[in-house]
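> Here you go, sequence then predicted model.
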Amino acid sequence: MTFCVEWVDTAEGLQDSQIINLPFADMKIDRRGDVIVSADWVLSADPLTKQQADATMSSNWLACWQQADKTTSLKLLMQGTCYQFKVWQELLKIPFGHTMTYKALALQMGSGARAIGNACKKNPYPLIIPCHRIVAAHGLGGYSGETQGDLVAIKRKLIAAEAMFKNVS
């Protein structure tokens, strides 16, 4: 799936949170009105953190995500530094089911691989801004600032699932 992102400067209204069940992990999406203000993986089994997921919302996201040729429009609250924003814009251009190395993106942007990694680490919208598609020259690399553990396992699952769905479409 490709996300067509409209970046907005403000988000009005009360914040609403939903947990979306995905095969890789649950994802918490925070919105104000029709603007997503944050998204993050839910790794805790803490009942205060894990809310009841809206089954329809979860199945819709999963069905859309599994269609490599589908484009979904979303509004995201603009965040981060100018440099981070530029990296995130480039990440949105990496096609579903494909990966790119930190170094290749750095060369494309006239930057450094470590700076790319740091921008990926600060991504407030994992899955939507596909930082999981950035990999190390020799191996998977990190994910959301971790080099091992649950988040890296999610990255591995995302890459494998995208490759599978890309080949099915």
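Structure received. Treat the numbers as computed from the prediction; the structure is a model and nothing was measured. Numbering: from 1, shown residues only.

> quick check: longest helix of the protein.
helix 150-168 (DSSP state H).

> Near residue 38, how many residues? Count them for me, please.
15 (other Cβ atoms under 10 Å). Bear in mind the C-beta positions are built from the backbone N, C-alpha and C, glycine included.

> Excluding chain neighbours, what is closest to it?
residue 30 (4.5 Å; Cβ to Cβ, 6 or more residues apart in numbering).

> Verify the stated contact: the one you found with residue 19.
No: with contact defined as Cβ atoms under 8 Å, residue 30 does not reach residue 19; the gap is 10.6 Å.

> picking up where we left off before, quick one: the residue nearest to residue 38 is in a strand?
Yes: with DSSP: H, G, I helix; E, B strand; the rest coil as the criterion, residue 30 is located in a strand.

> what about it, distance to residue 146?
From residue 30 over to residue 146 the distance is 21 Å, taken as Cβ to Cβ, to the nearest Å.

> Kindly report the same for residue 133.
Separation of residue 133 from residue 146 (Cβ to Cβ) stands at 17 Å.

> And for residue 131?
Taking Cβ to Cβ, one finds residue 131 at 12 Å from residue 146.

> Which of the two has more residues huddled nearby?
More crowded of residue 131 and residue 146, by other Cβ under 10 Å: residue 131, with 25 against 14.

> which residues in the protein form strands?
For the chain, the strands defined by DSSP state E cover 2-8, 15-21, 26-32, 35-42, 71-77, 100-101, 134-135.

> Would you mind saying which of those strands lies nearest residue 119?
Closest approach to residue 119 among the strands of the chain (Cβ to Cβ): strand 134-135, 9.5 Å.

> Against which helices or strands is the closest one packed?
strand 100-101, helix 102-109, helix 113-121 (3 or more Cβ pairs under 8 Å, 6 or more residues apart in numbering; DSSP states H and E).

> That strand pairs with which strands, parallel or anti?
Applying DSSP bridges to the sheet, strand 134-135 is found paired with strand 100-101 (parallel).
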